[in-house]
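1. fold the stuff below for me.
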Amino acid sequence: MPITVGELVEMPHLRLRLHSGVGALDRPVSWTHTTDLPEPWRWVAGGELLMTNGVPIPRSASGQEELLRQLVEHGAAALAIGEHMYAPPLTKRLARTSEELGFPVLWIAYPMPFVAISRAVAEATLLEQSKRLIRTERIYQALQQVSSQSSELQKLTSALSRELGCGVRVCDRLTGHDWYPGVAPLHEEIRNAVTERRGKLRAGVIAVRLHGDRRALLVDVPMHPDAVLVALPEPTEQPDALLLQHAATVCALALSQVRLTIEHDRRTGAELLLQILDAELPPSVAQRQLEEWGLRLAEVVCVAARNDDDPDLLRNAHLNLWRSAVSHVTVHRGGTSLTLLPDDAVQVLEQALGQGGQAGVSDLVVRPDRVVDAVREATWALDIAREHGTPLLRYADADPLLGPRSPAEARALIDRVLGRIIELPPEQAGELLMTLRVFLENGRSWQRTAEALHVHRQTVLYRVRRIEQLTGKRVADTGDLAALWLALKAV
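-> Down below sits the predicted model:
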């Protein structure tokens with residue numbers, strides 16, 4: 001059993017004298033802590049005899065009352081003040097608050113060294129510290145039995161739950177859901193506690209009150225800013241804050257192992273998708289390898305996605321797919337991600353992209369030789385979604401009047417509108433197409449187009465008239481102008 005405040009006062013060699021809180025001398029002391037910092041309650045974990053030279057003691061009566069209330073709230077066992085040092089006069093209000101809260105305030109006779117009191121507490125709590133050391137060792141031993149598989153992470157949290165005497169989960173900080181897949185979802189109240197983090201911070205642990213006197217204890221997982229350890233003790237239980245910190249460290253090491261596996265799988269999947277897009281694999285081989293990834297092409301679509309507001313969400317979207325146990329392969333190209341995944345999992349990816357994300361979804365891939373076309377469909381749908389500010393647009397739902405949606409449609413439009421220009425010698429065709437593009441991009445201004453092309457204004461006029469002659473379209477006609485622009489986009 002820990003030593004009590006009263007037992008410390010009864011040790012004559014420690015020269016401790018009670019100032020107030022006579023009814024609370026049975027409070028147990030698990031450790032000592034010395035500080036001269038302001039707001040000293042921020043540096044206790046619970047059960048400490050807080051020793052100070054008096055600098056942190058406020059001069060006002062209200063400030064002294066608030067000091068005691070905060071120390072009680074954060075679990076300190078007692079306050080011991082060095083006598084004849086730097087403390088201002090202690091007020092009657094402090095003494096009254098001490099009695100009301102059942103919180104002892106002690107004097108340490110000058111020049112008694114604080115370390116003597118610390119040694120006395122350490123010797124008295126040697127057995128308790130030995131038990132804590134054994135529990136800490138068992139917490140780290142649990143890591144040795146964990147592999148990089150998500151099911152093994154569940155075994156780790158189960159082992160931590162047994163050692164800490166309460167439920168333990170590792171959650172995603174942004175959503176509140178479990179960081180790893182395959183477990184029963186947490187109650188919405190707990191998920192909100194994780195995402196909002198509105199609670200009292202003590203010794204690195206945020207305590208959030210839940211319904212029915214229950215609490216969620218949140219501890220940041222080192223090296224993983226997207227993860228948080230969540231402990232769910234019974235109302236009458238108070239898990240050791242230091243052991244919670246050790247548990248978070250063990251979870252950090254385990255998550256690092258898992259991330260290595262996830263990143264390896266992501267890179268392997270990206271290489272496979274690039275090989276398919278570059279036509280380096282026969283269709284039969286491509287289909288077999290995609291099926292090995294759990295992707296049946298009859299149920300798979302391609303999603304092209306961006307998030308210019310928060311690129312990190314785009315880069316980490318594959319983690320959310322992994323947590324949701326969604327089979328997928330993803331590759332990133334110039335700020336856009338291309339992902340093959342089951343059609344019924346598109347919503348998971350959309351949520352992972354966040355509010356600033358936009359995505360285009362292809363038709364079903366169906367066959368391995370349609371993967372390239374599916375990428376084009378998804379990219380085209382994404383372009384239209386970005387132009388119109390739509391979070392997600394399916395290729396099948398996009399307005400075909402906005403432009404060609406497939407290589408076949410693009411070729412037909414080019415042949416119909418620009419075919420006679422394309423048939424010219426390459427140098428002449430390129431010169432006319434470049435002039436048309438610059439002319440339209442500059443609002444059909446003859447002068448700005450001439451300046452952009454570094455030619456005479458009359459040359460631009462001649463080339464545009466030549467384009468009108470070959471295409472049968474007039475740049476002054478709105479319908480003809482739209483056809484010319486869409487044909488240029490198709491090229």
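
2. buried residues, stretch 230-241. List them.
-> The neighbour-count check on stretch 230-241 (16 or more other CB atoms under 10 Å) flags Val230, Ala231, Leu232, Pro233, Gln238, Pro239, Asp240, Ala241 as buried. Just so you know, the C-beta spots here come from the backbone N, C-alpha and C atoms, and that holds for glycine as well.

3. out of the residues you listed, list just those in helices.
-> Judged by DSSP state H, helices contain the following of those: Ala241.

4. pretty sure Met112 sits in a strand.
-> No - Met112: not assigned to a strand; according to DSSP: H, G, I helix; E, B strand; the rest coil it is coil.

5. what separation do you get for it and Ser284?
-> Distance, Met112 to Ser284, by CB to CB, to the nearest Å: 85 Å.

6. cool, and Glu299?
-> Counting by CB to CB, the gap from Glu299 to Ser284 is 19 Å.

7. same thing with Ala450?
-> Using CB to CB, we find Ala450 at a distance of 55 Å from Ser284.

8. same drill for those two, tell me which one is more crowded.
-> Neighbour count, other CB atoms under 10 Å: between Ala450 and Ser284, Ala450 has more, with 20 against 9.

9. host element of the more buried one?
-> helix 446-453 (DSSP states H and E).

10. quick one: buried residues of that helix?
-> Per 16+ other CB under 10 Å, helix 446-453 contains these buried residues: Arg448, Thr449, Ala450, Ala452, Leu453.

11. farthest pair in these?
-> Using CB to CB, those reach their maximum pairwise distance at Arg448 and Leu453, which is 9.7 Å.

12. just for the stretch 301-450 of the chain, where's the confidence low?
-> Low-confidence segments of the stretch 301-450 of the chain, defined by pLDDT under 70: 398-409.

13. let me see the ranges of the helices in it.
-> Ranges of helices in the stretch 301-450 of the chain, per DSSP state H, counting those that start in this stretch, are 311-315, 317-323, 346-353, 371-388, 407-422, 426-441, 446-453.

14. right, so of the ones you listed, which gets closest to Gly6?
-> Evaluated over the helices of the stretch 301-450 of the chain, closeness to Gly6 peaks at helix 317-323, with 51.7 Å, by CB to CB.

15. state the helix or strand in which the nearest residue to Pro38 once chain neighbours are set aside lies.
-> Nearest non-adjacent residue to Pro38, counting by CB to CB, 6 or more residues apart in numbering: Pro56, 5.6 Å away. Secondary structure from DSSP H and E places Pro56 outside every helix and strand.

16. Pro56 is in contact with Trp41, isn't it?
-> No - using CB atoms under 8 Å, Pro56 makes no contact with Trp41, being 9.4 Å away.

17. those two: which is more packed in?
-> Trp41 (22 against 19).

18. can you map out the helices along the stretch 151-300 of the chain?
-> Ranges of helices within the stretch 151-300 of the chain are 188-196, 241-277, 283-292, based on DSSP H, counting those that start in this stretch.

19. list the helices and strands the last one packs on?
-> Spelled out, it's helix 283-292. Here helix 283-292 touches helix 241-277, going by 3 or more CB pairs under 8 Å, 6 or more residues apart in numbering; DSSP states H and E.

20. now the helix it packs on: buried residues?
-> Residues of helix 241-277 classed as buried by neighbour count (16+ other CB under 10 Å): 241-252, 254-255, 257-258, 262, 266, 269-270, 272-273, 276.

21. what does stretch 201-216 rub up against?
-> 41-46, 74-75, 189-190, 193-194, 196-200, 217-220, 230-235, 241-242, 244-245 (CB atoms under 8 Å, 6 or more residues apart in numbering).

22. Leu290: what's it in contact with?
-> Applying CB under 8 Å, 6+ apart, we find Leu290 in contact with Leu272, Ile276, Leu297, Val300, Val329, Leu340, Pro368.

23. now the angle from the following helix or strand past the helix holding Ala450 to helix 426-441?
-> Using DSSP H and E, the helix or strand that directly follows helix 446-453 along the chain is helix 457-471. Between helix 457-471 and helix 426-441, the angle comes out at 110 degrees (axes from the mean of the first three to the mean of the last three CA atoms, to 10 degrees).

24. list the contacts of the following helix or strand past helix 457-471.
-> Next helix or strand after helix 457-471 toward the C-terminus (DSSP H and E): helix 478-490. Helix 478-490 has contacts (CB under 8 Å, 6+ apart) with 403-404, 409-411, 413-414, 416-418, 433, 436-437, 440, 467, 471, 473-475.

25. buried set for helix 478-490?
-> For helix 478-490, the neighbour count (16+ other CB under 10 Å) marks Asp480, Ala483, Leu484, Trp485, Leu486, Ala487, Leu488, Ala490 as buried.

26. same question, stretch 278-287
-> Neighbour-count burial for stretch 278-287 flags Leu281, Ala286, Gln287 (criterion: 16+ other CB under 10 Å).

27. and the residue lying closest to the last one once chain neighbours are set aside, how far is that from Val208?
-> Going back to what we said before, that points to Gln287. The spatially closest residue to Gln287, leaving aside those adjacent along the chain, is Pro368, at 4.3 Å (CB to CB, 6+ apart). Distance from Pro368 to Val208, counting by CB to CB: 50 Å.

28. alpha carbons only: can I get stretch 259-268 in PDB?
-> Taking Å, rounded to 0.1, in the frame of the first residue of the first chain, the C-alpha atoms of stretch 259-268 are listed here in PDB:
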ATOM      1  CA  ARG A 259       2.700   1.200 -42.100                       C
ATOM      2  CA  LEU A 260       5.800  -0.400 -43.700                       C
ATOM      3  CA  THR A 261       3.600  -3.300 -44.900                       C
ATOM      4  CA  ILE A 262       0.900  -0.900 -46.200                       C
ATOM      5  CA  GLU A 263       3.400   1.200 -48.000                       C
ATOM      6  CA  HIS A 264       5.000  -1.800 -49.600                       C
ATOM      7  CA  ASP A 265       1.600  -3.000 -50.800                       C
ATOM      8  CA  ARG A 266       0.800   0.500 -52.100                       C
ATOM      9  CA  ARG A 267       4.000   0.600 -54.100                       C
ATOM     10  CA  THR A 268       3.500  -2.900 -55.500                       C
END
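
29. what's the neighbour count on Lys473?
-> By other CB under 10 Å, neighbour count at Lys473 equals 20.

30. from what I can see it touches Val417, true?
-> Yes - Lys473 lies in contact with Val417 (CB under 8 Å); the separation is 6.9 Å.

31. OK, contacts around the most centrally placed residue in the chain?
-> With distances taken as CA atoms, centre = their mean, Asp226 lies nearest the centre of the chain, 3.5 Å away. For Asp226, the contact set (CB under 8 Å, 6+ apart) comprises Asp172, Arg173, Leu174, Trp179, Asn316, Leu319.

32. buried among these? Make that a ChimeraX selection.
-> Selection of buried members from these for ChimeraX, criterion 16+ other CB under 10 Å:
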select :172,173,179,319
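
33. and the contacts of Asp226, which is closest to Gly63?
-> Closest to Gly63 out of the contacts of Asp226 is Arg173 (35.0 Å), distances taken as CB to CB.
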